[in-house]
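Peer 1: coords please:
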Amino acid sequence: MTQTVKFWFDPACPFAWITSRWITEVEKVRDINVDFNVISLGVLNEDKQDQDDPGTKALWQGARVALAVRERHGADKVAEFYTAVGTRVHNEGYGTDRYDEALPEALEEIGVTDADEILDEATKSTHDEGLRESTKEALSLVGDDVGTPIIVIGDNGFFGPVMTRIPRGEEAGKIWDGFSTLVEYPAFSELKRARDGELDFS
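Peer 2: Below is the predicted model:
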């Protein structure tokens, strides 16, 4: 029986990107279906950041587009969008400072017909309440002192796992087996160590 796994991401987060590429590998070797949802780093850091800073505005912009795609076109399309924009931002070096290029290119790649409307909404607060609600939903499952990614299996959710490279094939599946076993154990709460090495998006 296919298992639905909820995954919360912000397209700007490099750690979420690596974890998302891992879980898409897991889909190939385990019977899971990933439901991609949006958590906003802009919302999470709203009280800590200068809202007029270009970097802060970019955080909101990317998450707004992601949520608009999900709300207008559904979970499958936001998964396609995340792959398209994440490849540009993380693998191809656009970064969030080139969202003005990455976002329209990604929308064009996935073939949505309302890209102009989505991009216009991303410059406004149209989706900000939705971002707050989606972020609140994710945090309600794992607690407040976390970021992205968040993965939820059934009623249990965790921040992470955080990795510095993308496991592929059966290696990805074996890591999933261990991770999902821990997530589903109700008495498990945390496992952590310091990160080592550069991030590898290949």
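
Peer 1: Backbone torsions only: list them for residue 8.
Peer 2: phi -100, psi 130 (degrees, to the nearest 10).

Peer 1: Who are the contact partners of it?
Peer 2: 37, 38, 39, 134, 138, 148, 149, 150, 151, 152 (Cβ atoms under 8 Å, 6 or more residues apart in numbering). The C-beta positions use only the backbone N, C-alpha and C, and glycine is treated the same way.

Peer 1: Ignoring the adjacent residues along the chain, who's closest to residue 122?
Peer 2: residue 64 (4.2 Å; Cβ to Cβ, 6 or more residues apart in numbering).

Peer 1: wouldn't that neighbour be in contact with residue 120 here?
Peer 2: No. Using Cβ atoms under 8 Å, residue 64 makes no contact with residue 120, being 10.4 Å away.

Peer 1: thinking again about what came up before, can you tell me which of the contacts of residue 8 are in helices?
Peer 2: Counting by DSSP state H, those place 134, 138 in helices.

Peer 1: Make a markdown table out of the contacts of residue 8 and add distance to residue 23, pLDDT and neighbour count.
Peer 2: Below are the contacts of residue 8 laid out as a markdown table (distance: Cβ to Cβ, whole Å; pLDDT from 0 to 100; neighbours: other Cβ atoms under 10 Å):
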| residue | distance to residue 23 | pLDDT | neighbour count |
| --- | --- | --- | --- |
| 37 | 13 | 97 | 20 |
| 38 | 16 | 97 | 28 |
| 39 | 15 | 96 | 27 |
| 134 | 18 | 96 | 22 |
| 138 | 15 | 94 | 26 |
| 148 | 13 | 91 | 27 |
| 149 | 9 | 96 | 25 |
| 150 | 12 | 96 | 24 |
| 151 | 7 | 97 | 26 |
| 152 | 12 | 96 | 20 |
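
Peer 1: Where does pLDDT dip in the protein?
Peer 2: Counting by pLDDT under 70, not a single residue of the chain qualifies.
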